[in-house]
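*Asks:* Next input, structure requested:
(one chain, ligands or ions: 1)
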Amino acid sequence: MYSLEVSNHIERINQIVHHGAMVPDIDPAVASSWGRCVNDYGLDPESRRLPPVLTHAERIERAEQKRVLITEAKHEMNILYQQLADPELAVVLVDTDGCILHMVAADHLESDLSSLGLRLGAVWSEEEVGTNGMGTCLIVGEPIAIRQTDHFLYKHILLTCSAVPVMDHTGKMIAVLDVTSRSSLLQQHSLVLIGMTARMIENRLLTVNCKHAHPVHFHSRPESINTVHDGKLMVEDDGTIVAANQSALVQLGFPGMKELRRYRFDEIFQSTLEALLQRSMQSSFHPVPIYRAGASSRFFAVAQLPPAGSTHVQNQASPARPVQLASEKATELTTLPCKSTRGTPQSRIELGDTFLREQFELAQRVVSKGVPVLLYGETGSGKEVLAHAVHHRSPRHEGPFVAVNCASLPESLIESELFGYRAGAFTGAQRQGRSGKILQAHGGTLLLDEIGDMPLALQARLLRVLDERKVTPLGADTSVDVDIQLISASHRNLSDLVARGQFREDLYYRLNGVEIRLPPLRERQDKRQLIDLILEEEAGQRVPLADDVLMVLMQYAWPGNLRQMRHVLRTMAVLADGATIGMQHLPGPLAAAQNQSVQNGAPASCYLESMTEAEEHEPVNPLQESERITLIQLLETHRWNISDVARTLGVSRNTLYRKLHRHNITLSTQGNPTVT
Ligand SMILES: Nc1ncnc2c1ncn2[C@@H]1O[C@H](COP(=O)(O)OP(=O)(O)OP(=O)(O)O)[C@@H](O)[C@H]1O
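*Replies:* Numbers count the residues shown, from 1 in each chain. The predicted model follows:
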């Protein structure tokens, strides 16, 4: 059977490569790739050899060279992984040599893929492993899908890959983002999401690579600013445009960066950079209208101060004073875990969940005494946001807040990232050396997120730093005093890891001054407030939400927690384009959950108004049970005030009473709740 399949595979390749056969189901890009595999690289489709893998030292060097790319990409890759919500796929980043720089996958899949040679440091160029998503995308320079038997090597035919190039600010390809799956289904929305993720990575790189230029975001629709669709220009103080993203080029009608660079900002728009910056500051960085020079087309735009601070542009409103406040604001935008339009970091925590408030208060009490905090919470549940809020309320709030995610840093980078290195410590090290995150947090708070993923060898070094309060950078002979408040976070139970020998017991006790638990989103009482807050942050304004959508959002289990919610709301806000968000805007996983529940006969979004008498007496199924829990949570949040809850849900009081009756939730004559 195996050999028959193999010979069929070889026969198809032969037909196309040697006989120029036209096979309708073969993409011409795949046919050309097979031609290269046979004629240029001399590969054998039956070969079982693994791709070459960099040595440990080479990996460290490569990771250091690609530090910026990896750092900016890893965050977006994690988000993509959660959005795709499929344990049978891996999100992979390769550089232009096809070398795997970073990978996000479930543990079981990672070890299976490793047996095919898909692991960190392996080279998946077309030349080494034949037709495949990453390698072939590097050759064609365009998004490509390689499904199962499209692969050249027979041993890869269980894989399906979708790959998209990632460009730098000059339009040159610098990496490929790929999703490799064991499922044969390639969903159209996956390709769109991978493309969006590549654009997000490019936008991040634009900012970090042009630290001294002003980011200017623009779009013809204000709600598209700060989304993946916005045009982004990096503009120097004198109006020179140094970089642009693809959307900016398309919106302004330039074929490439070379052509755009011939113009200054005030030759493109009817405004100087300085004037736009002033208006942006006056509007608290909300989009303001701006016109294309020499044309009547109107855009909305926001100019920000450079991430590295501005030296030249003066605030004309108060000429004597450099733009200090706005500069601080720009820094805050780049260092906060996410931007809030509403007040302080703690205002995102104190939204109405009783348990969370108690945990927050406990953390504040112990941190004020310098006791280390161990924060438990599922991935994406807001550990970093909570840690930041704790820092903000701590005696060290004027010091830095530095967060390191140990899980998303490649193992080879954690050590230098945390401890820093002195000049010339290893090949590829920056000439002036680098101060590690521990030292950067001196006088403030260090968050070690996903500490359970810290390699054992580094755990010993970290323990020494905590005991001695001194850091010794890599390659240095002397140590430096350091004074930090430590918050560690994990989604895994550290005492289990200790029991399995994967985490040092002494370090565990050192970190665990007090344990704080962050509830998963599905258990939170303030879901409604979070939806409003995040939607407003994402859309830049209040966006109307249809009742049935709200109910789906309230009842959905949110396996990816707040991070998933943020991305769902962001996608829906973009799709709704300023109109009311309706059921047609629900993205993949939520729509699937909704369809599933409809098929099961119990809409996940309960249409409160359309409930019939007959339905009222049906037995309660698990989805109805989750609706019941949601109602009780809402009632508790609103102190059992029926009018408030009805208003929150946007339904009449009568409808709400009917629903409560159906769920056996009754109010006694004194107005006290009875839940049976
Ligand atoms: N209270 C909140 N209000 C608004 N948004 C929030 C809140 N908490 C978290 N988020 C959003 O959820 C996302 C994930 O938050 P965060 O990074 O703090 O989670 P985490 O638990 O540290 O994730 P990980 O486990 O991946 O490290 C971010 O986009 C953040 O903006």
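*Asks:* near the ligand, which residues of the chain?
*Replies:* 337-338, 348-349, 377, 379-385, 405, 449-450, 491, 530, 533-534, 562-563, 566 (CB under 6 Å from any ligand atom). No exception for glycine: its C-beta is placed from N, CA and C like everyone else's.
*Asks:* These, buried ones only, as a PyMOL selection?
*Replies:* Remark: buried members of the residues of the chain next to the ligand, expressed as a PyMOL selection using 16 or more other CB atoms under 10 Å:
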select buried, resi 337+338+348+349+377+379+380+381+382+383+384+385+405+449+450+491+530+533+534+562+563+566
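*Asks:* Can you get me a residue count around the closest residue to residue 476 other than its chain neighbours?
*Replies:* Closest residue in space to residue 476, ignoring its immediate chain neighbours: residue 422 at 4.3 Å, by CB to CB, 6 or more residues apart in numbering. If you count neighbours by other CB atoms under 10 Å, residue 422 ends up with 17.
*Asks:* For residue 422, give me the pLDDT.
*Replies:* Residue 422 is assigned 72 on the pLDDT scale.
*Asks:* One more: the one 4 residues further on?
*Replies:* Per-residue confidence at residue 426 stands at 49 (pLDDT).
*Asks:* Which helix or strand contains residue 179?
*Replies:* strand 173-181 (DSSP states H and E).
*Asks:* any idea of the mean pLDDT for that strand?
*Replies:* Taken as a whole, strand 173-181 has a mean pLDDT of 95.
*Asks:* one step back: surely the residue nearest to residue 476 touches residue 475?
*Replies:* Yes - with contact defined as CB atoms under 8 Å, residue 422 reaches residue 475; the gap is 4.8 Å.
*Asks:* List the buried residues for the strand holding residue 179?
*Replies:* Neighbour-count burial for strand 173-181 flags 174-181 (criterion: 16+ other CB under 10 Å).
*Asks:* That strand pairs with which strands, and in what direction?
*Replies:* Neighbouring strands of strand 173-181 in its sheet, by DSSP bridges, are strand 89-95 (antiparallel), strand 160-167 (antiparallel).
*Asks:* Same list, those, but as a markdown table with mean neighbour count and mean pLDDT please.
*Replies:* Shown next, in a markdown table, are the strands paired with strand 173-181 (neighbours: other CB atoms under 10 Å; pLDDT from 0 to 100):
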| stretch | mean neighbour count | mean pLDDT |
| --- | --- | --- |
| strand 89-95 | 25 | 95 |
| strand 160-167 | 24 | 93 |
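*Asks:* Please name the residues that touch the closest residue to residue 208 other than its chain neighbours.
*Replies:* Distances taken as CB to CB, 6+ apart put residue 68 closest to residue 208, at 5.8 Å, once the chain neighbours are dropped. Contact analysis of residue 68 by CB atoms under 8 Å, 6 or more residues apart in numbering lists 205, 208-209.
*Asks:* how would you label residue 68: helix, strand or coil?
*Replies:* helix (DSSP: H, G, I helix; E, B strand; the rest coil).
*Asks:* Which helix or strand contains residue 489?
*Replies:* strand 485-490.
*Asks:* and that strand, average pLDDT?
*Replies:* The model assigns strand 485-490 a mean pLDDT of 95.
*Asks:* swap in stretch 663-675?
*Replies:* Here stretch 663-675 scores 50 as its mean pLDDT.
*Asks:* From the rest of the structure, what touches stretch 575-585?
*Replies:* 221, 223, 543-546, 548-549, 552, 571-573, 587, 594, 605.
*Asks:* Just checking, which of these comes out lowest on pLDDT?
*Replies:* Lowest pLDDT among the contacts of stretch 575-585: residue 605, 30.
*Asks:* one step back: tabulate the strands paired with strand 173-181 (TSV), appending distance to residue 247.
*Replies:* Below are the strands paired with strand 173-181 laid out as TSV (distance: least, CB to CB, whole Å):
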stretch	distance to residue 247
strand 89-95	22
strand 160-167	12
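*Asks:* Residue 279 is nearest to which of the ones you listed?
*Replies:* Closest to residue 279 of these is strand 160-167 (CB to CB; 30.3 Å).
*Asks:* Send me that closest one as PDB with only the CA atoms.
*Replies:* Output in PDB follows, covering the C-alpha atoms of strand 160-167 (Å, rounded to 0.1, in the frame of the first residue of the first chain):
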ATOM      1  CA  THR A 160      -0.600  21.200   4.800                       C
ATOM      2  CA  CYS A 161       1.300  24.500   5.000                       C
ATOM      3  CA  SER A 162       0.300  28.100   4.300                       C
ATOM      4  CA  ALA A 163       3.100  30.600   4.200                       C
ATOM      5  CA  VAL A 164       3.300  34.400   3.800                       C
ATOM      6  CA  PRO A 165       6.400  36.600   3.300                       C
ATOM      7  CA  VAL A 166       7.300  39.200   6.000                       C
ATOM      8  CA  MET A 167       8.900  42.300   4.500                       C
END
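*Asks:* can you pick the most crowded of the contacts of residue 68?
*Replies:* Counting neighbours by other CB under 10 Å, the top entry in those is residue 205, with 23 neighbours.
*Asks:* Isn't that one up against residue 69?
*Replies:* Yes - with contact defined as CB under 8 Å, residue 205 counts as touching residue 69 (7.0 Å).
*Asks:* distance of the residue nearest to residue 125 when sequence neighbours are not counted from the ligand?
*Replies:* Distances taken as CB to CB, 6+ apart place residue 98 nearest to residue 125, at 3.2 Å, with adjacent residues excluded. Residue 98 is 28 Å from the ligand, where distance means CB to the nearest ligand atom, to the nearest Å.
*Asks:* my guess is residue 98 contacts residue 136, does it?
*Replies:* No - look at residue 98 against residue 136 with CB under 8 Å: they stay out of range, at 10.0 Å.
*Asks:* can you list residues touching both of the two?
*Replies:* The contact sets of residue 98 and residue 136 overlap at residue 126 (CB under 8 Å, 6+ apart).
*Asks:* Look at these two and report which has more neighbours.
*Replies:* It is residue 136, of residue 98 and residue 136, that has more neighbours when counted by other CB under 10 Å, with 30 against 24.
*Asks:* Can you report phi and psi for the more buried one?
*Replies:* phi -70, psi -30 (degrees, to the nearest 10).
*Asks:* Residue numbering should commence at 13 henceforth.
*Replies:* Okay, residue one is now 13; in that scheme the one you just asked about reads as residue 148.
*Asks:* could you list every residue that touches it?
*Replies:* Contact analysis of residue 148 by CB under 8 Å, 6+ apart lists 41-42, 45, 138, 156, 158, 175.
*Asks:* from those residues, which ones fall inside helices?
*Replies:* Among those, the members found in helices (DSSP state H) are 41-42, 45, 138.
*Asks:* Residue 120 - how many residues pack around it?
*Replies:* Residues near residue 120, counting by other CB under 10 Å: 10.
*Asks:* Which element, helix or strand, includes it?
*Replies:* helix 119-126.
*Asks:* Just the buried residues of the contacts of stretch 587-597.
*Replies:* 235, 555, 557-558, 560-561, 564, 583-585, 599, 606, 617.
*Asks:* What residues does the residue lying closest to residue 231 once chain neighbours are set aside make contact with?
*Replies:* Closest residue to residue 231 apart from its sequence neighbours, by CB to CB, 6+ apart: residue 242 at 4.7 Å. Residue 242 is in contact with 229-231, 236, 259, counting by CB under 8 Å, 6+ apart.
*Asks:* Quick one: classify the residue nearest to residue 232 when sequence neighbours are not counted as helix, strand or coil.
*Replies:* Among residues not flanking residue 232 along the chain, residue 311 sits closest, at 5.6 Å (CB to CB, 6+ apart). At residue 311, secondary structure determined by three-state DSSP is strand.
*Asks:* State whether residue 311 and residue 230 are indeed in contact, as I suppose.
*Replies:* Yes - taking contacts as CB under 8 Å, residue 311 lies within contact range of residue 230: 4.6 Å.
*Asks:* which residues do these two both contact?
*Replies:* 243, 263, 302.
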